[in-house]
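Peer 1: Sequence and predicted structure below; questions after.
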Amino acid sequence: MGAPDRIEGRNPVREALRAGRQVRRVLIADGIPERGTVAEIVTAARAAGVPVERAPRPVLDRIAAGRVHQGVIAEAEPYRYRSWEEAAAAAEARGETPLLLALDGITDPGNLGSLLRSAEAAGTHAVIIPRRRASPVTPVVEKVSAGALEHLPIDRVTNLERALDRCKDRGIWVVGLDGEAETTIWDCALLTEPLVLVVGAEGTGLSRLISERADARVRIPMGGRVGSLNAAVAGAVALFEVRRRRSQGDH
């Protein structure tokens with residue numbers, strides 16, 4: 001049995017249990033009352049046959065990746081990446097128009113976790129991340145995602161360019177966020193089509209090879225004096241614009 005993943009924070013632990021993640025044990029800091037989310041965690045753990053143990057808070061501080069574990073840590077089986085193609089096929093089988101998010105070199109775990117949280121909330125069917133030069137799923141990602149990744153397939157691919165080519169072969173349009181693009185996302189006609197939205201790396205944006213594969217490059221219209229948005233914020237704005245357009249029923 002390999003080293004467990006540590007899931008830190010009340011919402012991430014609760015969502016892991018709700019999603020049926022294989023959890024080995026749950027640690028709760030001494031003195032935390034068993035009510036609210038903590039009570040839900042205890043109930044779900046017991047229902048799944050997962051041991052719940054009390055421990056001094058310094059013990060949790062020592063094993064946690066961050067200091068924001070909120071007095072709850074779960075030790076779980078390593079995170080299992082899943083196929084974006086299976087997720088897209090499942091969406092189509094339900095009569096839904098596939099919406100995927102591809103991340104071109106997001107290295108900050110906080111940004112990755114934030115993007116996963118926004119993606120799940122916006123109804124994204126799967127997220128594609130490259131195996132190299134990008135953050136994998138870590139305890140910080142799990143914490144920031146607030147449990148979203150338990151409900152959202154994430155595929156870690158060897159080559160993002162080939163994955164996007166595969167998307168296009170399946171009839172999924174590739175739209176990249178690019179602050180220098182002429183077209184705004186408000187004017188993009190592809191948002192209601194099968195779509196993979198690509199968000200570039202912090203600071204550098206889309207790589208050349210990814211940009212060349214995009215069927216369209218769009219920017220978010222800016223009204224202030226700053227030149228750009230954080231990658232996680234830009235991705236969230238774009239995803240919810242897709243959701244808004246699709247909710248209008250014109251697809």
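Peer 2: Looks like it arrived, so ask away.
Peer 1: Centroid-nearest residue for this structure?
Peer 2: Residue closest to the mean C-alpha point of the chain, counted by CA atoms, centre = their mean, is L116 at 1.8 Å.
Peer 1: for the protein, what spans make up the strands?
Peer 2: Secondary structure of the chain, counting by DSSP state E: strands at 5-8, 23-29, 52-55, 72-76, 99-104, 126-130, 154-157, 173-177, 183-184, 195-200, 216-219.
Peer 1: Any idea which of those gets closest to T37?
Peer 2: Across the strands of the chain, T37 has its closest neighbour in strand 72-76 (8.2 Å, CB to CB). Every residue, glycine included, has its C-beta placed from N, CA and C.
Peer 1: any weak-confidence spans in the stretch 151-251 of the chain?
Peer 2: By pLDDT under 70, the weakly predicted segments of the stretch 151-251 of the chain are 249-251.
Peer 1: Mind doing that once more with 50?
Peer 2: Along the stretch 151-251 of the chain, the model assigns pLDDT under 50 to residues 250-251.
Peer 1: In contact with the closest residue to P153 other than its chain neighbours, which residues?
Peer 2: Spatial nearest neighbour of P153, excluding adjacent residues (CB to CB, 6 or more residues apart in numbering): R82 at 3.9 Å. R82 is in contact with A126, P153, I154, D155, counting by CB atoms under 8 Å, 6 or more residues apart in numbering.
Peer 1: what does W173 give?
Peer 2: L190, E193, P194, L195, V196, D215, A216 are the contacts of W173 under CB under 8 Å, 6+ apart.
Peer 1: Number of residues surrounding the fourth one?
Peer 2: Neighbour count for L195, taken as other CB atoms under 10 Å: 23.
Peer 1: what does V50 give?
Peer 2: V50 - counted by other CB under 10 Å - has 21 other residues nearby.
Peer 1: pLDDT score assigned to the residue nearest to it when sequence neighbours are not counted?
Peer 2: Setting aside the residues directly before and after it, V50 is nearest to V23 in space (CB to CB, 6+ apart), at 4.8 Å. Predicted confidence (pLDDT) for V23: 93.
Peer 1: Enumerate the beta-bridge partners assigned to V23.
Peer 2: Bridge pairing for V23 (DSSP bridges) gives the partners A76.
Peer 1: quick revisit: would you turn the contacts of R82 into CSV with neighbour count?
Peer 2: What follows is those, written out as CSV (neighbours: other CB atoms under 10 Å):
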residue, neighbour count
A126, 24
P153, 21
I154, 24
D155, 18
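Peer 1: out of these, which one sits closest to D61?
Peer 2: Of all the contacts of R82, I154 has the smallest distance to D61: 28.1 Å, by CB to CB.
Peer 1: mind checking how far that closest one is from V218?
Peer 2: According to CB to CB, to the nearest Å, I154 and V218 sit 24 Å apart.
Peer 1: ok, now how distant is the residue nearest to G176 when sequence neighbours are not counted from T183?
Peer 2: Excluding its sequence neighbours, the residue lying closest to G176 (CB to CB, 6+ apart) is A214, at 3.9 Å. Counting by CB to CB, the gap between A214 and T183 amounts to 11 Å.
Peer 1: quick one, what contacts T204?
Peer 2: Residues in contact with T204 (CB under 8 Å, 6+ apart) are G105.
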